[in-house]
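Enquirer: Based on what follows, work out the 3D shape:
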Amino acid sequence: MIPTILVLSWFIPDYSVDGLTSNWSFTSGRLGRRIRQGPHISHLHDYRVFPARIPYVRHHFTQCPLYSTTESSSTDNKKYEPEKSHEEDTSITQPSDIVDRDRQQKFQNPVSKQLHHIANRIHQDVSHVAEGLAFDAGAAIVETHKPSKNVSYLSSSPQWKRLVDHRDKVIHKLHLRDLLKDRTRSDQLFVEHDGVYLDYSRQQITVETIDLLSSLATRQNLRAKINAMFEGEKINFTEDRAVLHTALRAKKDQIGTVFSDGEDVVKQVHEMLDHIKYFTEGVRSGEIRGYTGKHLRNIISVGIGGSYLGPEFLHEVLKTEPEGVNSSLGYSLRFLSNVDPVDVERTCSELDPEETLIVIVSKTFTTAETMLNARTMRQWLWDFMGDDPEVVRKHMVACSSVSSTNLVVDFGINTEENFFRFWDWVGGRYSLCSSVGAVPISLMYGFDVFQKFLDGANSIDKHFSSAPFNENIPVLMGMLGVWNMSFMGYCARTTLPYAEALLKLPAHIQQLDMESNGKYVTRDGLEIDYPVGEIDFGEPGTNGQHSFFQLLHMGQVVPCDFIGFVTSQHDLFIDGENLSSHDELMANFFAQPDALANGKTSDAVRAEGVRDDLVIHRTFHGNRPSLSLLLPKLTAYATGQLLAIYEHRTAVQGFIWDINSFDQWGVELGKQLASKIKDNLFDGRSNPDQPVRASNPSTTRLLNYYINNSRDTTCDATNSGLTTVTTKTYGDTKRTAKSMNARPIPSRHDLTGKNGKLS
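Expert: Residues are numbered from 1 along each chain as shown. Okay, the predicted model is just below:
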C-alpha cells in the first residue's frame, strides 16, 4: 500500500482526504530546519513531515500508543477510537468522530477507503514524532499548514496525561503550608535575571511539576516557536503576518539579522526611531512650533485598545519617576480613547489649542472610535484657529501602518515629516515599543527616557530567547499559567503591583492576555477540549486589599502575581513612625502571599478565644497559589523589563496550548454589528415619526426607547449646534494663555523634600 500512496499523491497533488484541505508534495534528501518548496512550504515546525519508509509505517500501524481497537488489524475499514484520559469527559467529541459526512461518499471503493485510513493514521499519530527532525535520503510527504480536523488533541498526549496523573496523585495531596517548610524546595523555585527576582515557591507545584511542564513545552516545540517569532516567520497564519514586536527594541548591532518579506526590519525600526527622536526633540526645543508660532506643550494622544492602554501605563510610571518628573516639567500628556463626548470634554478642558499637538494612533487609520475622535480634535483646532490646511499640518501627527499612508494624506497630515509608521507585523496590544508609544512618551519625557524603556525590554528579550526553560522567567510564568488554568482549573488570575505608579499595568495585561489567548480552537482548527484563556484583573496594593482580597482569601481560588520594588520612586519617612511608607507598603507585599498560602486553621482561630459558632467564619483554608516579582526600582528600564516579561508569558501559554495568540477576530463581530446599528440610528434621527427596525425585537425595542427619550439631535451638522468643541473651557484658557506662554519651563524639580520627609 505504501508505494500506491506515493504514486497517487505524485499524480494527484490536490487530493483531499476526509476534509483535509492540504496539498501534498514530495521532498527528498536531508530536511534541515528550513524547508522551501513552492509557495506553501515554510518552516518545519509549521508543517508535518512524514518519512515514507515501509518499515516505519508498518511499525506505526502495529505500535500506535494513542489508539486502540477491538477488531482484527487486518481490517482496513475499522474505526479507531482515542483512549480516554483519566478525567476525560465522554461527551467531548473526539478527533476520530469529527467527520465531514458530506464527504463520506468519496470513499465507497476499497482503494479510497485504504487511502483514507492510512492517510488519517499517519496524519494523526506521527506528526509530533517527525517535527523538528532531519531525515536522511528517501522520500517524505510534506503537508502544508492549513486547518484540519484530523489531528490529535494535545490533551491526548502522554505528556499531558502525565501531568494529570501528577496532579491527582501528588499535588492534590499537598498543602502549601507544608511545602513552604521545605527549604530544599524553596531554594529551587526562584530565578533571577538582570535585577528581576522571581519567586514561585508559593505555587502548588513540586520540582517534578516543572520538569513535567518542561516536557510538555518541549513536546509542543516551544523553543522552535520562540525562535520562529524572533526570526520573523509568519506565525500569525490567519492574517499571514510575522510577529516582531521584539524587533522594535532590538539594538542597532542586530541590523541585518531579522527580515520580513525581504525587508531588514531592525534597520527600518532604527530609521523610524531616528525620525521620532529628531521630531520630538525639535518640538521640545521649540524649533518646531504650532500654527500661531507658540511652543507646543500639550500632547493629546488619540487611540483605543493597544494604542492607548500601553502608552498610558508607561506614562503613569514616568509621571513620578525622578528622571521623568524633571524631563516633563512644563509639558502635559493626555489620552483620548473613549468615543463618549464626556471623554473629549475632559481631555480638552483648559488646554490652549494653539499650544496643543494631537497624535492620532491607529494601525489601519480606520478604527471607528479613534477616527471619530480624530475628526473631533481636528474640528477643535479649526474652531479656534480656522480651517487653513496648515493648522492640521502643524498640530496633528499620525502613528499608523505603512499601508495606511493614503488615508493619512487624505486626513490632511503632513506625511513627509509628521507620519510615524509602524508595520503590519506589529500587533496593537504589542505596539507600545513602536511609534505608538515612542511619539507621545518622547514628546512628554524626551527620547532618551523612552530609549531606556526599550533597553529594559531588550534585556528580557535576550533572556527569553536563550535561557533554559527552568531558568527562563517568562517561560516559567507561562508554564505556571498553563498549569493553573488547564490542570488546576483556576479560570482567573490577578496582577497586584505594590507600586501606585503601576496602576494602569493590570488593564494593559488584561488586554494583552485576554485578547491574545481568548480562543476556542487550536491552530489546526480543532475545538479545544482543555481550559485556556484566564480572566485577568488587578489593582495596585494596598487598594486591592480593601477591594477584592476577601474573595482571594476565602472565595474561589485566583492565582496572584505580586510585583514589588526594593526602592520606591519617592519614599517618605514621617517623624515618629518606625518604618518608612515604602516599608509599610512592602510589609503587605510579603505578608499577603504567605496568608494566601498558609491560611488559618480552625485550631488557630479557637486559640484566639473565638466562639465555636464563629470559628468556621474566621477559618482560612489557604493553599492559594501566587508568585512574587521583585525588582530594584520602578524606572523606565524596569518598566520595559516588566512589559517584555508579560508579553512573552502570554506567547508561551499560547504556544503550549497550540493556539494563535496574535489575531483577534473576536473583536470584529461587535464592530460589524455597530455599523448596522449606526444606520438604524441615522434612520431614527432622520425620520423621527418612523420607528426603526433592527435585527431582532429586543434590539428594536431598546433602540426606539433610546431614540424617543434622547434629546433632539438632527443629522444636519450645520443646524445641530454640536460642531463646536469645548468652547466654554477655551475662554478661560485664552485669558491665561499669554501668561502661560511667557512662563519659562522649569529645569529641575526636587523630589526629596526636606531630607526625604514632608516639610
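
Enquirer: quick one: the spatially most central residue of the chain from Thr257, how far?
Expert: Ranked by distance to the mean C-alpha position of the chain (CA atoms, centre = their mean), the top residue is Leu512 at 2.6 Å. Distance of Leu512 to Thr257, given as CB to CB, to the nearest Å: 26 Å. Any C-beta I mention is one placed from the backbone N, CA and C, and that applies to glycine too.

Enquirer: coming back round to it: pull the CA atoms of the helix or strand harbouring the residue nearest to the centre of the chain into PDB?
Expert: Using DSSP states H and E, the element containing Leu512 is helix 505-517. Extracted C-alpha coordinates of helix 505-517, given in PDB (Å, rounded to 0.1, in the frame of the first residue of the first chain):
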ATOM      1  CA  LEU A 505      -0.500  47.900  34.300                       C
ATOM      2  CA  PRO A 506      -3.300  45.400  35.200                       C
ATOM      3  CA  ALA A 507      -5.500  46.900  32.400                       C
ATOM      4  CA  HIS A 508      -2.700  46.600  29.900                       C
ATOM      5  CA  ILE A 509      -2.100  43.000  30.900                       C
ATOM      6  CA  GLN A 510      -5.800  42.300  30.700                       C
ATOM      7  CA  GLN A 511      -5.900  43.300  27.000                       C
ATOM      8  CA  LEU A 512      -2.600  41.700  26.300                       C
ATOM      9  CA  ASP A 513      -3.600  38.300  27.700                       C
ATOM     10  CA  MET A 514      -7.300  38.100  27.100                       C
ATOM     11  CA  GLU A 515      -7.300  39.400  23.600                       C
ATOM     12  CA  SER A 516      -4.400  37.000  22.700                       C
ATOM     13  CA  ASN A 517      -5.500  33.800  24.400                       C
END
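
Enquirer: Mind giving me the packing neighbours of it?
Expert: Contact analysis of helix 505-517 by 3 or more CB pairs under 8 Å, 6 or more residues apart in numbering; DSSP states H and E lists helix 306-318, strand 492-497, strand 535-538, helix 636-657 as its packing neighbours.

Enquirer: average model confidence for that helix?
Expert: Average pLDDT, helix 505-517: 97.

Enquirer: repeat for stretch 222-241
Expert: On average, stretch 222-241 scores 96.

Enquirer: Buried by neighbour count: which residues of that stretch qualify?
Expert: 222-226, 228-237, 239, 241 (16 or more other CB atoms under 10 Å).

Enquirer: how about the CA coordinates for that stretch, as CSV?
Expert: Output of stretch 222-241 as CSV, limited to C-alpha atoms (Å, rounded to 0.1, in the frame of the first residue of the first chain):
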residue,chain,number,x,y,z
LEU,A,222,8.3,25.8,22.4
ARG,A,223,11.9,26.6,21.6
ALA,A,224,11.3,26.3,17.9
LYS,A,225,8.2,28.5,18.1
ILE,A,226,10.1,31.2,20.1
ASN,A,227,12.9,31.2,17.5
ALA,A,228,10.3,31.4,14.7
MET,A,229,8.8,34.5,16.3
PHE,A,230,12.1,36.2,16.8
GLU,A,231,13.2,35.4,13.2
GLY,A,232,10.2,36.8,11.5
GLU,A,233,8.3,33.7,10.4
LYS,A,234,4.6,34.4,9.8
ILE,A,235,3.3,32.6,12.8
ASN,A,236,0.1,34.7,12.8
PHE,A,237,-1.1,32.5,9.9
THR,A,238,-4.7,33.7,9.9
GLU,A,239,-3.5,37.1,8.9
ASP,A,240,-0.4,35.9,7.1
ARG,A,241,1.8,38.1,9.3
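
Enquirer: what about the strands in the stretch 201-350 of the chain?
Expert: Listed in chain order, the strands found in the stretch 201-350 of the chain under DSSP state E, counting those that start in this stretch are 259-260, 263-264, 298-302, 332-336.

Enquirer: for those strands, which one sits closest to Thr364?
Expert: Closest to Thr364 of the strands of the stretch 201-350 of the chain is strand 298-302 (CB to CB; 14.2 Å).
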